[in-house]
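Colleague: Fold the following, please.
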Amino acid sequence: MSSRFCLRCAGIALLAVAVASCRPGTPPASAALGAAPPVSFDAERAFADLKRQCEFGPRVPGSAGHRRCRDYLSRILKENAEAFEAQEFTFRDGERTLPMANLIARWNGTRPGARGVILAAHWDTRPSADEESDPARRRQPILGANDGASGVAILLEVARQLKRAPPGGPVWIVLFDGEDYGPGIERMFLGSRHFARRLPQDAPRVGVLLDMVGDADLRLPIEGYSLRRAREVVQEVWSIARARGYGMVFVNEPGPDVMDDHLPLLDAGVKMIDVIDFDYPYWHTLADTPDKCSANSLRIVGEVVMAWVRQGAPAR
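Modeller: Residues are numbered from 1 along each chain as shown. Here you go, the predicted structure:
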């Protein structure tokens, strides 16, 4: 979780059964291993985006790093999207009023009636390293190379690829602010809650959230809420990963229930799944730095996301 609490299902055996029933069978010939259509994704450029975000320092709302990073992300999205907006809101923290913004980029799609999708990540970072063993270090903000910057980096590269070759259906990229603020659930997921409460009527109703997807030792089990509440989308994404030869990363086994930015959207009627590697030893510590991440991990996730967007398979 970048800022979420991990809750293991009491009925983990039942979840394992659900995963087994969700597993795709033999892929069709067009999606067989080695026959997956190629997609473009520049992993080195994405990794440069990850490092660039970290060069701004912690991106805690109200900080200079947060403001500089917002400008950087906004510029790239504006350059590549058909439409862009900063959905601004504030959060009252004691005597301070913190300005925040969800960054929303949109592409209309080239095929009338084609399914639209939302791709999301959070761009803020945790103001306290609460998982540090040394209490004196817990008050420091984290750099968030994996916890925030990795998902954003993938989506910035997706934006460039969508400009180069527009998607068939509408695509919304939404970078949420205030996901990791805390402490406490009531002070987290601020941007996704704001977005979900004001969900536009024309917003896509299917989506993928990327969180902590840059770990050099990447392993992505199926997040619990995603499986139970958006099983069709899980099947689509994990089937594409398997067809591309990434089944050892997108593993067909149950992961924990993770409270994350997909939950407000699920509650608002969007079939949103969370692609997350929660087994990350540097989570919410000062060691969440770019050297723990890899361009190859970004490539794997980026290619799967691009293939899912290009495929445009229905999820009803």
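Colleague: show me where pLDDT drops low in the stretch 151-300 of the chain?
Modeller: Nowhere does the stretch 151-300 of the chain drop to pLDDT under 70.
Colleague: Which parts of it are helices?
Modeller: Using DSSP state H, counting those that start in this stretch, the helices of the stretch 151-300 of the chain run over residues 190-197, 224-229, 231-243, 262-267, 295-311.
Colleague: Same list (those) but as a markdown table, adding mean neighbour count and distance to residue 145.
Modeller: Bear in mind the C-beta positions are built from the backbone N, C-alpha and C, glycine included. Output for the helices of the stretch 151-300 of the chain, formatted as a markdown table (neighbours: other CB atoms under 10 Å; distance: least, CB to CB, whole Å):
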| stretch | mean neighbour count | distance to residue 145 |
| --- | --- | --- |
| helix 190-197 | 23 | 20 |
| helix 224-229 | 21 | 24 |
| helix 231-243 | 22 | 23 |
| helix 262-267 | 22 | 21 |
| helix 295-311 | 22 | 11 |
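Colleague: of these, which approaches residue 213 most closely?
Modeller: Judged by CB to CB, the one of those that comes nearest to residue 213 is helix 295-311, at 4.6 Å.
Colleague: Extract the C-alpha set from that closest one and format it as CSV.
Modeller: The C-alpha trace of helix 295-311 is given here as CSV (Å, rounded to 0.1, in the frame of the first residue of the first chain):
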residue,chain,number,x,y,z
ALA,A,295,13.2,-0.3,-15.9
ASN,A,296,12.4,-3.9,-16.6
SER,A,297,9.6,-4.0,-14.0
LEU,A,298,8.2,-0.8,-15.6
ARG,A,299,8.4,-2.4,-19.0
ILE,A,300,6.5,-5.5,-18.0
VAL,A,301,3.7,-3.6,-16.4
GLY,A,302,3.7,-0.9,-19.1
GLU,A,303,3.5,-3.4,-21.9
VAL,A,304,0.6,-5.2,-20.2
VAL,A,305,-1.3,-2.0,-19.7
MET,A,306,-0.7,-0.8,-23.2
ALA,A,307,-1.8,-4.2,-24.6
TRP,A,308,-5.0,-4.0,-22.5
VAL,A,309,-5.8,-0.5,-23.7
ARG,A,310,-5.1,-1.5,-27.4
GLN,A,311,-7.1,-4.7,-27.1
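Colleague: Could you pull up the contacting residues of residue 281?
Modeller: Listed by CB atoms under 8 Å, 6 or more residues apart in numbering, residue 281 has no contact partners.
Colleague: what are the phi and psi angles of it?
Modeller: Main-chain torsions, residue 281, degrees, to the nearest 10: phi -70, psi -10.
Colleague: got it, and residue 248?
Modeller: phi -80, psi -10.
Colleague: re the thing from before, quick one: the helices of the stretch 151-300 of the chain as JSON lines, columns for distance to residue 124 too.
Modeller: Shown next, in JSON lines, are the helices of the stretch 151-300 of the chain (distance: least, CB to CB, whole Å):
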{"stretch": "helix 190-197", "distance to residue 124": "8"}
{"stretch": "helix 224-229", "distance to residue 124": "21"}
{"stretch": "helix 231-243", "distance to residue 124": "25"}
{"stretch": "helix 262-267", "distance to residue 124": "15"}
{"stretch": "helix 295-311", "distance to residue 124": "19"}
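Colleague: What angle do helix 295-311 and the helix or strand harbouring residue 106 make with each other?
Modeller: Per DSSP states H and E, residue 106 falls inside strand 96-107. Between strand 96-107 and helix 295-311, the angle comes out at 60 degrees (axes from the mean of the first three to the mean of the last three CA atoms, to 10 degrees).
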